[in-house]
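S.K.: the following block contains a protein sequence and its predicted model.
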Protein chains: 2
Amino acid sequence: MSGEQAPTLQQQPEQETKPDEPPPAAAAEAPQESASSPAAEEKPLSWRALVLTGHGGYEKIKLQVKTQTRPQLQAGEVLVRLKACGLNFAELLGKQGLYELLPAPPVILGMEGSGVIEAVGEGVTDRKVGDRVIAMSRSGMWQEVVVVSANLTFPMPEQMSFEEGAAIPVNYITAYMMLFEMANVRPGKSVLIHMAAGGVGIAVTQLCQTVPDVTVFGTASASKHETIAQGGVTHPIDYRTKDYMEEIRKISPKGVDIVLDPLGGSDTQKGFSLLKPLGTLVVYGAANCVTGQKKNLLAMAKTWYNQLSLTALKLMQSNKAVCGFHLGYITDGELISRTMFKLLELYDQGKIKPRIDSCYHFEQVTDAMKRMHERQNIGKVILLPEAKEEEAKEEEEAAESKSNPEPAENVEKAEAAVDEKEEEATEEVKAED
Amino acid sequence: MSGEQAPTLQQQPEQETKPDEPPPAAAAEAPQESASSPAAEEKPLSWRALVLTGHGGYEKIKLQVKTQTRPQLQAGEVLVRLKACGLNFAELLGKQGLYELLPAPPVILGMEGSGVIEAVGEGVTDRKVGDRVIAMSRSGMWQEVVVVSANLTFPMPEQMSFEEGAAIPVNYITAYMMLFEMANVRPGKSVLIHMAAGGVGIAVTQLCQTVPDVTVFGTASASKHETIAQGGVTHPIDYRTKDYMEEIRKISPKGVDIVLDPLGGSDTQKGFSLLKPLGTLVVYGAANCVTGQKKNLLAMAKTWYNQLSLTALKLMQSNKAVCGFHLGYITDGELISRTMFKLLELYDQGKIKPRIDSCYHFEQVTDAMKRMHERQNIGKVILLPEAKEEEAKEEEEAAESKSNPEPAENVEKAEAAVDEKEEEATEEVKAED
C-alpha cells in the first residue's frame, strides 16, 4: 500500500506515557459506547501498543501505554479499535533490523489486524462506526487503536471471527498474488510450498484446492504432516530428515511447475533446478537469514552469497520463470483492495478459512514470536491487544500444565478469553514491559 | 523437441552429389506416385538441400543436390516431401555461428516445414502416405525430403496452404507459450511486443486478440504501422525515430503488464523497468547481437554486457517476473505437440492466420535472409524447396520491375508458381551453388 493510501503510525499519536501510569477509563470502554457518546471523544485516549525500541532480541519489544487526546481524523481515515492482530515473519525480520520497509525504532510493529470502527473521518461514506473490519498498514498495527485509510479497511463477513480477520491480509494476499497473478496455477499443475504449515503455506494450500487437480508438495516437520495433509497437501515432506529435492524427484521425476520459496539462499537455487520447463519460481522471503533471535551476519552472508543470480541468457536456456514477491513493495492500493475483496468472496463461499494456530495477548508477544521463530505453529499466530486477565491466566496456566506443556493457547481458549474481556470492558489495562 | 523424439538430419542421408550431377527422375516424380509404386522405392532418391558449409556470410549457405538410396525409415518415422519451409531468426544466428543448438557445419538448416507424406515407418498408424502435414525438427528442414518423427508432424487443415503451414510452428508456438504458459495474459492486460511486424510479433498480436480487452504496444518502423494496426496492434511505436519507453509512458504511465523481448541487452533492462508491479518480462532472443551479416563481436559483447542480470532480492523488491523462452530448449515433445494441436484448433476457428510476407525459392535464400536481416518483412518469410522455373523467373522479374522494386514475391505469385511446379513434376532439378 502506498504512503498516500496507507497513513501509518506517523499519523498516530506517539507520545508515550509511563507504563505504570493508569490509563483513563475511556480507553477501556466498549468501542460502541465510546463512539456513540460525543462526550467520550473529548476525553484523552489511552491504549496499549507493542513498540520496537531497537534492533535485537525479544527484550527490544516493549508493551507501552500511550495516552493522547483523541486524534483528529483526516479525510478518508477511520479509527479502528483492534481486537486481533496478525504476526508475520516480517516482524521477526524487523526486530532484527532486517526488514527494510519498517521505519527506524522506536516504531510500533504490525501489518494487519481486525476490529471495530470507532470514528470515521470526513468523506468516508462506505464505513460507519461499529463496522467490524479488517485493516492493513505497512506498520503500526500492533496497538489497541489505530488510524488507517478507510480504503485499507475491509468489512468482515458476519461469521468471521476477529482472529480469522486478522489472519487473512498478509498471508492470503501473498498466496493469492503468487499463485494467480505470478505463477498462473491451473488444473493439473504441481506446486511446492515450503513451510507448508505456516500462515502462507496454509493459505497457498487452501487456494490450490480452488483449482481442480493441483498437486501440492509441502515441506514441514513430521509432526505437522497429518494436519497439513488433511488441509490439502498431497505430499508432505519432512525437510528436517530428508532431502526434499530427492523426495520430490522420486514422486515426480520431471520436477514441479511452481515453487514458492520463502527461504532464500541455496533453497532458491534448489527450487529453480526443481522446476519443469515453463515452470515458475516465486521467491518471497529470505527466512534462511533468520537463525537465532538476533541478527546473524554469517547466516545473512551465506543466504546472500547463495542467492539465485540469473542472466537473461540462463533463463532462456532453461525456459523458466523467476519472480520476486514482496507485499510490502506493492504500492498499488487498488490492487491490494481488489485482491482482498476476492479473498472475502472465497471466504464467504467456504473455500478459504484461516487456520489459527494460537492467540497470545500483547503481554505474551515474546512467546508468540518464539513460537513462530521456532516454527512450532501450524497456521497463524495471533496477538490480542486487550490485556490478559489474571484469572484467565491462572486458569490457563493450570490447564496447560495438565494437558499441554507449550505456552500457546489454542484458538478456542483464546476466543473464550476475548468474550470474557468484552463483557468486562472497563477492566484496567495492565502494561508490562 | 528432444533428440529421441525428433530424429534430425543425423538420420538423413548425407552423401553429397556434385551439384551438376543430374538427379534421377524419381526424385522429381509426384510424391504420391513414387510412394505408391514399390519399384520407385528401389531407385535412388535425389533432392535439393540448403547446407550451411561454415559460419560467416550468405555465401556459406549452398544449395546442394543430395542423392541416396531411399532411406529405410525407423519405426515411428515418416518421409515428408516438403513444399514450403519457414525462415527464422535462428537461421540468421546459426549462419553466424551464434545458434548453439545447431550442429557444426556442414549442416542443413531449417526448423519447420510443410509438405506431403511420402512413406511411413513401422508403427505409424495415424499418418499415411499423401497426408498434408506440418513438420518440425531442430535442424535439417530446408530440403526437399526429410525424415522426421511422426509425432512431430501435424495434419494440416484442408484450407491451409503449405506456406501457412510452414509459418506456424516456430512463431506461433513461441508466441503461445510465452503469452499463455509464461506470462498469463488475461482480459485487461497490456503487452509490449518488439518487432511487431515479424513472425512472432504477428503471432503474438493475433493471439492477444483471442483474449478480450488486451492492449498491444508494438514496435516497428513507421512504414509498417498501418499493417500492424490493422492486424491488432493498439499502439504501433516507431522505435527508429522515437524512444519507445517514453512513448509507452505517455500512453500508460504505470507501464505494461507483459513485455516480450527478442532483442536482449539494454532493451531487456528497459523492458524490465517498463513492467507494472506483478508484470512479466519474457526474454526470447538476442537480436541485438546480430548487426552485419557476419558475427559482430562488439555487438555481442555489448549485448552480453548490458544483459539483464538479477538476484532474487532485486526481483522481490520490484514484484516482477522474468522469464526466458527458447523453443529449441523445450525437450518435451508432448508439450510441443499439445500446443500445436491447440494452434491448429485456433486456425480452424479463424482466430489465427499466418501472414506470409514473401516466398523465395531455395535458389533465392540469400534474398530471403537479407529481407529478414534488414527487417523489411511484415510476417513470415517462406522458402520453397522446388526449383524456380526459368520462365516463372523471367515473368516475375518483369512484373517486379514494373510494380515493385523489391526482390520478394508476394504469396499469391509464389502459390501460382508452386501449382505450376506440381503439374510439371518431372522437371529437372536445378542446383545452384
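M.R.: Perfect, I can see it now.

S.K.: switch to C-alpha atoms for all contacts and neighbour counts from now on
M.R.: Will do.

S.K.: can you list the residues of chain A near chain B?
M.R.: Within chain A, the positions near chain B by Cα under 8 Å from any Cα of the partner chain are A:181-182, A:184, A:264, A:277-280, A:283-285, A:307-326, A:329-330.

S.K.: which of the residues you listed are buried, as a PyMOL select command?
M.R.: In PyMOL, a selection of the buried entries from the residues of chain A next to chain B looks like this (16 or more other Cα atoms under 10 Å in any protein chain shown):
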select buried, chain A and resi 181+182+184+264+277+278+279+280+283+284+285+307+308+312+313+315+316+317+318+319+320+321+322+323+324+325+326+329+330
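
S.K.: I'd say residue A:175 and residue A:206 touch.
M.R.: No. Using Cα atoms under 8 Å, residue A:175 is not in contact with residue A:206, being 9.4 Å away.

S.K.: now residue A:179: how far from residue B:279?
M.R.: Note on residue A:179: its distance to residue B:279, by Cα to Cα, to the nearest Å, is 14 Å.

S.K.: which one's more surrounded, residue A:175 and residue A:206?
M.R.: Using other Cα atoms under 10 Å in any protein chain shown, the more surrounded residue of residue A:175 and residue A:206 is residue A:175, with 25 against 20.

S.K.: what helix or strand is the more buried one on?
M.R.: Assigned by DSSP states H and E, residue A:175 belongs to helix A:169-176.

S.K.: for that helix, packing partners?
M.R.: If contacts are counted by 3 or more Cα pairs under 8 Å, 6 or more residues apart in numbering or on different chains; DSSP states H and E, helix A:169-176 sits against helix A:199-208, helix A:333-348.

S.K.: please work out which of those helices is packed deepest.
M.R.: Highest mean neighbour count among the helices and strands packed on helix A:169-176 (mean count of other Cα atoms under 10 Å in any protein chain shown): helix A:199-208, with a mean of 27.

S.K.: what does it contact?
M.R.: Residues from elsewhere that reach helix A:199-208 (Cα atoms under 8 Å, 6 or more residues apart in numbering or on different chains): A:167, A:171-172, A:174-176, A:179, A:185, A:193-196, A:214, A:216, A:218, A:228, A:231-233, A:351-355, A:378-380.

S.K.: and the angle from it to helix A:333-348?
M.R.: If you take axes from the mean of the first three to the mean of the last three Cα atoms, to 10 degrees, helix A:199-208 sits at 70 degrees to helix A:333-348.

S.K.: the helix or strand just after helix A:199-208 pairs with which strands, and in what direction?
M.R.: Using DSSP H and E, the helix or strand that follows helix A:199-208 in sequence is strand A:215-219. Note on strand A:215-219: by DSSP bridges, its sheet partners are strand A:190-193 (parallel), strand A:235-237 (parallel).

S.K.: roughly how far is the following helix or strand past strand A:215-219 from the heart of the chain?
M.R.: Scanning forward in sequence from strand A:215-219 by DSSP H and E, the next helix or strand is helix A:225-231. For helix A:225-231, the gap between its own C-alpha mean and the chain's C-alpha mean amounts to 21 Å (Cα atoms, centre = their mean, to the nearest Å).

S.K.: which elements pack onto helix A:225-231?
M.R.: Judged by 3+ Cα pairs under 8 Å, 6+ apart, the packing partners of helix A:225-231 are helix A:199-208, strand A:235-237.

S.K.: let me have those in a markdown table, extended by mean pLDDT.
M.R.: Below are the helices and strands packed on helix A:225-231 laid out as a markdown table (pLDDT from 0 to 100):
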| stretch | mean pLDDT |
| --- | --- |
| helix A:199-208 | 97 |
| strand A:235-237 | 98 |
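
S.K.: from what I see, residue A:109 and residue A:136 are in contact.
M.R.: No. At 11.9 Å, residue A:109 does not count as touching residue A:136 under the criterion of Cα under 8 Å.

S.K.: quick one: least confident helix or strand in chain A?
M.R.: Ranked by mean pLDDT, DSSP states H and E, the weakest helix or strand in chain A is helix A:25-28, scoring a mean of 30.

S.K.: so where's chain A shaky on pLDDT?
M.R.: In the predicted model, chain A carries pLDDT under 70 at residues A:1-42, A:289-291, A:293, A:295, A:300-301, A:304-305, A:391-433.

S.K.: appreciated, that's everything.
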